[in-house]
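**Q** Have a look at this fold, sequence not included:
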């Protein structure tokens with residue numbers, strides 16, 4: 001368990017509120033909802049990669065009230081703070097490669113939010129390749145990331161990610177992400193990009209799934 005998780009647990013019944021307040025320093029989830037609705041107005045089968053303790057999962061459940069959602073992570077704490085509907089959401093401790101093998105081209109929305117910078121750089125090509133294999137024809141992949149910039153908020157974010165999670169962090173620029181996706185998943189087509197409030201470091205890129213054969 002990272003330092004951040006241990007500290008949050010110390011707040012007991014106020015842990016969800018403390019986690020939400022901390023998260024709001026860096027990202028406005030209401031603005032992320034705006035992006036989701038704009039890019040993918042309707043989704044019935046959703047895969048969330050790196051669901052963590054469930055904050056974005058709750059957002060997905062509210063945004064797409066008819067969708068079946070599979071949220072995966074390698075951490076045993078997956079979904080621990082989730083408080084949304086239970087009947088349409090499944091949390092599973094597994095890898096995206098296993099899901100890609102079990103459910104290829106099965107999801108009309110695949111999302112990962114602030115996950116890639118935690119993935120070791122030598123594993124990113126295979127990681128993104130496996131994610132691409134999950135996107136259904138006509139579906140979308142939406143990646144939300146944090147861009148490195150020479151700014152105080154970036155270094156605060158880096159310190160939080162590095163020391164509170166214990167992970168070795170390596171952020172990407174939007175151009176580096178586009179190059180990575182284009183190289184390992186050439187079947188995906190760019191479908192949109194932009195920023196998420198409150199910081200310009202928050203960027204997203206959307207990709208359209210492979211065409212039907």
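**A** Received it, and whenever you're ready, just let me know what you need. Since this is a predicted model, take the numbers as computed values, not measurements.

**Q** For burial, what's the neighbour tally of residue 186?
**A** 10 (other C-beta atoms under 10 Å). Yep, even glycine has a C-beta here, placed from its N, CA and C like the rest.

**Q** Can you check what pLDDT the model gives it?
**A** At residue 186, the model reports a pLDDT of 96.

**Q** quick one: it and residue 128, what's the gap?
**A** 12 Å (C-beta to C-beta, to the nearest Å).

**Q** Also residue 90?
**A** 23 Å.

**Q** next one: residue 81
**A** 27 Å.

**Q** Look at the two and report which has more neighbours.
**A** residue 128 (23 against 16).

**Q** so what's the more buried one closest to, chain neighbours aside?
**A** residue 184 (5.1 Å; C-beta to C-beta, 6 or more residues apart in numbering).

**Q** quick one: the one you found and residue 123 touch, right?
**A** No - at 11.6 Å, residue 184 and residue 123 do not qualify as touching, with contact defined as C-beta atoms under 8 Å.

**Q** So these two - more neighbours on which side?
**A** Using other C-beta under 10 Å as the criterion, residue 184 and residue 123 rank with residue 184 on top: 17 against 9.

**Q** Do you have the strands of the protein handy? List them.
**A** When secondary structure is read from DSSP state E, the chain shows strands at 45-49, 68-73, 89-93, 107-113, 135-146, 189-195, 202-208.

**Q** For my notes, please list the ones you listed in TSV and give mean neighbour count for each entry.
**A** Converted to TSV, those look like this (neighbours: other C-beta atoms under 10 Å):
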stretch	mean neighbour count
strand 45-49	24
strand 68-73	21
strand 89-93	17
strand 107-113	26
strand 135-146	21
strand 189-195	15
strand 202-208	21
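
**Q** Now tabulate these in TSV and tack on distance to residue 22.
**A** Formatted as TSV, those follow (distance: least, C-beta to C-beta, whole Å):
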stretch	distance to residue 22
strand 45-49	20
strand 68-73	19
strand 89-93	21
strand 107-113	15
strand 135-146	15
strand 189-195	21
strand 202-208	15
